[in-house]
Each structure stands twice: as structure tokens, then as C-alpha cells.
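1. Build the 3D model from these lines:
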Amino acid sequence: MSMYLDGVLYKKMLINGLSNLINYESQINELNVFPVPDGDTGTNMRLTLENGVNNMIDDSDLSIALKSLSRGMLLGARGNSGVILSQLFRGQSKYLKDNEKIDAITYANALEAGYKLAYDTVINPTEGTILTVAREGIRKIKNEINQDTSIEFLLEKLISQMEIELDNTPNLLKVLKDAGVKDSGGYGLIIIYKGMYEYLKGNIITRIDSNINRYFKKGYVVTEKKNIAVIAVSPGDGISDLFRELGVSVIINGGDTLNTSTEEFINALESINANNYIILPNNKNILLSALLAKKMQNKDNIYVIETKSVVEGYFALQMANVLDPDITIEECIESMNEAINGFTNISLTKAIRDAKIDDITIAKGEYISLLNGKIVKKSLNKIDLLLDTINMVDMSEKVVMTIIKGFNVSDEEINYLEEKLNELYPDLEIGIIDGKQELYDFFLGIN
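-> Got it, this is the predicted structure:
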């Protein structure tokens, strides 16, 4: 029985937790409600924890070990689930900053501090997610922990209560109930703690080889000192070329299956010398990592424009004209925010799994369209689907439509689409760009 926890033991437990997470990575990914290929929960959590463990200092002083773990996780945080996971452990680290070793009571207090910091970090906390599982898991068992409690007992009770909370997540979040699944982030958190608990029981978990793609592309960097340097995330070579033409200084390849990490944003910020920096995340799943990078740099000259698609990023760049040497940062920020105000986003991709979203039953391989981030339609014909989705938008005051096509769109399909759009919206200015992105057939913006 372990009555105390120090840095050496904690790291060994966490390595076991990471091994368990790696083994369950694909299973966690399969719990994702949305069948779109834009970063899976299990992969984001694994990459985040992996970076933390790899940077964790071997030290018996728990506070030192946790500080290095926390920094590694912050830098490696990917996607919303990865950022939240990093904050759960960062909260523990901050609470235990003066502790060389701890008992179960102190550990329980640290777990509580972890979920509180995570809630403070998330812009709009949603119940029925990893946040709920983390909070209720410790809150409901804390009164059972006393000076005679072992670390094993604490983790056993914690895991048991977290599983109860996980089973309840569909009752708190309708989209989970409609899809017939439990929250994937909460499940991933339980898997980590189960691995930690198994180490204390003497069970070392062997990692199963994963086929997850761990290849990271390097971003494109321009090093002239600039007044305003723009950093943008791009999922395709054509989009990257377009961004460069519009004055982007650093391009980070990403935004689809592998979400950009906090560290990649920090590296981009540090790779160029400028008076002011603007980050365009261009994906809602990357926004938290961008905001975290800004926070960690602790500088007033870093601005994050909350672009949720590459088309929004394109519009923002067009409006701001960052290549103008006389433009001020205030004018640039104002122009970018004006460009995306009232913006309509449409994207189209293939479903990567069976799913039920609201009243839409989706089969793997069917085309699905998203209107402002929400799945609204499905079809076996991508062009008809795109036209039907555009028809859902009130076009009465719209003047511009920009379409970014992917690799899997033929010239014949584009010609047909352009012909139909010109018939339907003769007064609309329509532009078509070859984005060369792989997973999304279309990104479309209307303003």
C-alpha cells in the first residue's frame, strides 16, 4: 500500500497511464460524436500526455517532476481535449508547487484544483464532457479520503466514480445521447488513471503498436523584421500558397486530422522578429491551443483572430492587407474582425464513421455538409449536397462567395457547380480557389 506519492513514483504511474492511453487511442477516437476528419480525441490526448511525459524530469521532488510535466503538456497540447487535459495536470502542479511528496488528502485537493483551473481555461465550459467527469469524480468521493487512506484507495474510488459520471454524460449532452455514445474525453481521462492505478497494483502495461500517423510537417517560415507578422494554419498546399501571397509570414501545416499544438504556435512566434503578431487558427479545434500559446508568451503584442475556417482566414487577410507598410495593428485587427463578422461557413467532407447527429443518420463514406460547424445534410453526391446546403443560407444581402476545392474534386464537378451557382445567384461575386487540401472536398465562405 502506498501512503505517499513522490516524483519518482508519480512518473512511473503516469508512464503506465500513457501506455494505457496509447492502447485505447483508437477506441477513444471511435467514441467521437462527429464523423468529420478534424482531429480525434484519443490522438489529441495521447500526443499531449506523451509530450508531457517525454519532458518530465526524473526527480523525487514531486513539485519539480510535476512542473516539467505540466510545461511539456502545455507545449504539446492539441485540440480542445488536449488543452483541457493539460490544464487538469497544470492545476495539480500549481497546487503542489511546494510539495516534495504528498498523502491521499493532499492528492485529492490537487485533483480538485486541476478541474477548477480547467473550467477557468475553457471559453464556454460544457457539461457532459471531460470537465464534468473530472469534477464530479473527485468531488463526490473527497469526503471518504482521510489520513489513513492509501493512494491506491483514492484512485480506485476516483476511477469508480468517474465511470459513473461517464455513464451519465449522455443525459447531460443531447448530442451524445443522439449518437448513442459516452464522452470520449472523459473516457480517455479514466483510461489514464486506470493505468496509473494498475502500476500501484504491480501491473506494468505493455504498449500495443499503433498505426496512428505521427508525422509532423514543418511550417513555412519567412525571417524579414516586420511590423506585423501573421501566423496561419493551413491544411493544403494551395491554401498555403494563397496565404503567402496575402502576406502571411509563418504557415503551420495542419488543421485536419492532426491539430496544431501549442508548441508549434510558440515556435512560430519565436521564429520571426516583429513588432506585432497575429495568429489565424482557421479551425475551431485549434483555437484553444492558439490562445494558450498567447498566454504562455505573456506578451501584449500577440493577437488571436478567432477564425474557424480557412475561408474566414482568407477573408480576414484580404480585408486587412497586412502587406501595406503603413497599416497599424489596430487597423489590421479591426479589419479582420469586420471581415469575419456575420460570415457564413460551409464545409463538405466524407463521413469517417457511422453516426447519428440530431435527426440525421449518417453512414461511413457518405458526404456530409457542415453549416457554421454544424452537420446539416448528407448525400452520395457532393455537388448536389453543396448546392442544397448553400440553399439553406439567406442570400439576400450576401455579395461574395469564395470556394476552396480539394484534391478529390474533378474539373467536371467544378464546371457544373460554377454553372449552377451562376444561374442561381447571378449577382453574386463567386471565386473558386484550388486549395489542394486532402480531407475536405470544399471549404466555402459567404459574406
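2. residue ranges with poor pLDDT in the chain?
-> Per-residue confidence for the chain (pLDDT under 70) gives these ranges: 37-39, 209-223, 255-258.
3. Show me it divided up by domain.
-> Domains of the chain are assigned by automatic domain parsing as 5-200, 220-340, 344-446.
4. How far does the last one stretch from one end to the other?
-> This means domain 344-446. 5 Å (C-alpha to C-alpha, to the nearest Å).
5. How far off centre is it?
-> 23 Å (C-alpha atoms, centre = their mean, to the nearest Å).
6. What is the subsequent helix or strand relative to the helix or strand hosting E412?
-> In this assignment (DSSP states H and E), E412 forms part of helix 411-424. Downstream of helix 411-424, the first helix or strand assigned by DSSP H and E is strand 429-434.
7. Please report phi then psi for the residue lying closest to I390 once chain neighbours are set aside.
-> Distances taken as C-beta to C-beta, 6 or more residues apart in numbering put I346 closest to I390, at 6.6 Å, once the chain neighbours are dropped. Glycine gets a C-beta too; all of them are placed from N, C-alpha and C. Phi and psi for I346, reported as degrees, to the nearest 10, are phi -130, psi 140.
8. Over to A229?
-> Dihedral pair for A229: phi -110, psi 130, per degrees, to the nearest 10.
9. Ignoring the adjacent residues along the chain, who's closest to it?
-> Setting aside the residues directly before and after it, A229 is nearest to A274 in space (C-beta to C-beta, 6+ apart), at 3.6 Å.
10. Tell me which residue lies farthest from the centre of this protein.
-> D148 (40.1 Å; C-alpha atoms, centre = their mean).
11. tell me the secondary structure for that residue?
-> State at D148, reduced to three classes by DSSP: H, G, I helix; E, B strand; the rest coil: coil.
12. quick one: it and I141, what's the gap?
-> Between D148 and I141 the distance is 15 Å, computed by C-beta to C-beta, to the nearest Å.
13. Ok, R207 next?
-> Remark: distance between R207 and I141 (C-beta to C-beta) = 29 Å.
14. From the contact counts, what lies against the helix holding E412?
-> With contacts defined as 3 or more C-beta pairs under 8 Å, 6 or more residues apart in numbering; DSSP states H and E, the packing partners of helix 411-424 are helix 382-390, strand 400-405, strand 429-434.
15. what's the most buried one of the ones you listed?
-> The highest average neighbour count among the helices and strands packed on helix 411-424, using mean count of other C-beta atoms under 10 Å, belongs to strand 400-405 at a mean of 22.
16. Would you mark the buried spots in stretch 45-64?
-> 45-53, 55-56, 59, 62-64 (16 or more other C-beta atoms under 10 Å).
17. wait, isn't V122 in contact with L288?
-> Yes: using C-beta atoms under 8 Å, V122 is in contact with L288, at 7.5 Å.
18. Among the helices and strands packed on helix 411-424, single out whichever gets nearest to K308.
-> For K308, the closest of the helices and strands packed on helix 411-424 is strand 400-405, at 14.1 Å, according to C-beta to C-beta.
19. The closest one: partners in the sheet, and parallel or antiparallel?
-> Partner strands for strand 400-405, per DSSP bridges, with pairing direction: strand 429-434 (parallel), strand 440-446 (antiparallel).
20. tilt between it and helix 411-424?
-> Interaxial angle of strand 400-405 relative to helix 411-424 (axes from the mean of the first three to the mean of the last three C-alpha atoms, to 10 degrees): 170 degrees.
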